[in-house]
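> Make a model of this:
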Amino acid sequence: MVQQSTTGNETLRERIKNVSQNFFLHIHAPRIHPEVLSPQATWGLGVILASLFFTQLVTGMLLMVHYTPSVESAYFSVKEIIFYVPGGRVFRNIHRWSAHAMVFVTFLHLFRTFYKGAYYGARRTNWVIGVVMLLVVMMMSFSGYLLPWDQLAYWAVTIGANIAASFRELTDLIGITGFFDPGGFFKRLLLGGQEVGQATLTRFFTLHVIILPVTLMGLIGYHFWRIRKAGGLARKEVHSREDHEIPAWPTALWAELSIFLLVAATLLILGLVLDAPLKIIANTNLPENPAKSPWYLLGIQEVVSYSAFMGGFILPLLFLGFLFFIPWFDKEEESGGVWFSGRAGLKITWLSLLLCGAVTIFFVTLSLVVTIPVKPGSDLSVVLTMLLNPGTLSVAAYFIWAWIVSRYTSSRRITVIALFTGFMTGWTIFMIIGIWFRGENWHFII
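Next up is the predicted model:
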């Protein structure tokens, strides 16, 4: 039986009732260590992502009231939102920029989680959930890309569909595409047909406003629950006594509310001063030149330009497999909660960034001045192009570097730091090339 003794004028029974009815304390533990409130601990990235997702939901519902998901009306409904709906231009701008910000911050969150070693033990499942959430966020942003139905949207999705069909390079080479065509299947699954059309717009609209947001909400809830079950945010356990902790309510609430207001203010300013792009209505007979996918897929598009099969299928699959496998390869739990696992990890991070960046740039430059000395279009030329291109050679170099680090340090944690940094450095360089150094007909611009 709960005693009626009190702290102040509040009985213990009332205190327990108040805590049990407090939604905030169901997300966070009742008491937290002051370290987790430090900006250097998390950069507030989780709260920023939650704020961006909430903004997406609110602005998305407002835009959906006036949007018509048909190829005949979609473009004009967007123009109506911009020019006739009160506040429509600002809400559309906020929705667009918060979508891009959400992808960018999700990557930052992945970096923070990895480099601070927040994937050991009970957090292993949460790391996998986080990688899945990254994919869902990218899919949600990409599915919304088509909805304005302008030239930018139409041809970006066309490029994405071609990337999905990249498996055909291999099946065409061995002559089995006629009866085994996984590339064509992936393309039809994405588009709902052979070309971008009404079926594609309907499919993307359904994914964007129902399936992916609901999926992400479920993953976010599970993600928060797993953090709570793991004992809160990852940190180095220096103190274990409870008297070093402080009540989560209302200290953490005010910190999170401050971040939310800062995000809202930033998005409002962006929405007022920076308009989201809207080109002319989509024209199937007037291709964009160069046609580019969204920025977060341009790294893949750049590698696909060297080899469709390797760049669009094998290398992304290899990287995803590596991300999912990290917690099972690296089990040095004493590194949990320590940035870069100390000075040794920080040193390897910088070395990996410099060396892998230099190697990637070298192979890209080499591909501009050296051509494969076989007949273009021949089977041998296709095979050599698959194997000897800047993408595959760079990834091979990343693995060789990680092997050298493994032999030198005998540390699995330092090894995965080297490989993760190499992958991310290469992906960033390929993305930058796609954004700023590719012009008409995908020719290199210097």
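> Now do the helices in the stretch 51-200 of the chain.
Applying DSSP state H, counting those that start in this stretch to the stretch 51-200 of the chain gives helices spanning 74-83, 88-115, 124-145, 151-164, 168-174, 182-191, 198-206.
> nearest to residue 306, of the ones you listed?
Closest approach to residue 306 among these is made by helix 168-174 (11.0 Å; CB to CB). In short, each C-beta sits where N, CA and C put it, glycine included.
> TSV for the helices of the stretch 51-200 of the chain, including distance to residue 288?
Shown next, in TSV, are the helices of the stretch 51-200 of the chain (distance: least, CB to CB, whole Å):
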stretch	distance to residue 288
helix 74-83	15
helix 88-115	18
helix 124-145	13
helix 151-164	4
helix 168-174	22
helix 182-191	17
helix 198-206	17
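> Out of the ones you listed, the one nearest residue 398 is which?
Distance to residue 398, taken as CB to CB, is lowest for helix 88-115 among the helices of the stretch 51-200 of the chain, at 15.3 Å.
> and the closest one, what other elements does it pack with?
helix 45-64, helix 74-83, helix 124-145, helix 251-273, helix 412-436 (3 or more CB pairs under 8 Å, 6 or more residues apart in numbering; DSSP states H and E).
> List the buried residues for that helix?
88-99, 101-103, 105-107, 109-110, 112-115 (16 or more other CB atoms under 10 Å).
> Please name whichever of the helices of the stretch 51-200 of the chain is nearest to residue 292.
Closest approach to residue 292 among the helices of the stretch 51-200 of the chain (CB to CB): helix 151-164, 6.7 Å.
> Who's the closest spatial neighbour of the spatially most central residue of the chain, skipping the chain neighbours?
For the chain, the residue sitting closest to the mean C-alpha position, by CA atoms, centre = their mean, is residue 134 at 4.1 Å. Closest residue in space to residue 134, ignoring its immediate chain neighbours: residue 106 at 5.2 Å, by CB to CB, 6 or more residues apart in numbering.
> and that neighbour, what pLDDT?
For residue 106, the pLDDT comes out at 95.
> just to revisit the earlier point, list the contacts of the residue nearest to the centre of the chain.
Contacts for residue 134 (CB atoms under 8 Å, 6 or more residues apart in numbering) come out as 106, 107, 110.
> give me every residue that touches the last one.
When contacts are counted by CB under 8 Å, 6+ apart, residue 110 touches 130, 131, 134.
> try 7 Å this time
The contact partners of residue 110, by CB atoms under 7 Å, 6 or more residues apart in numbering, come to 130, 134.
> The chain should start at 66 in everything you say after this.
Yep, numbering from 66; the last one is residue 175 now.
> mind checking how far it is from residue 421?
From residue 175 across to residue 421, the span is 18 Å (CB to CB, to the nearest Å).
> cool, and the second one?
From residue 172 over to residue 421 the distance is 17 Å, taken as CB to CB.
> Point out where the stretch 216-365 of the chain drops to low pLDDT.
The stretch 216-365 of the chain contains residues with pLDDT under 70 at 293, 295-308, 310-317.
> Could you rerun that using 50?
The stretch 216-365 of the chain contains residues with pLDDT under 50 at 303-307.
> that older thread, could I get the contacts of residue 199 as TSV with distance to residue 393?
Formatted as TSV, these follow (distance: CB to CB, whole Å):
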residue	distance to residue 393
171	22
172	22
175	17
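> show me the residues around residue 125 that make contact.
Residue 125 neighbours (CB under 7 Å, 6+ apart): 160, 274.
> Done for today, thanks.
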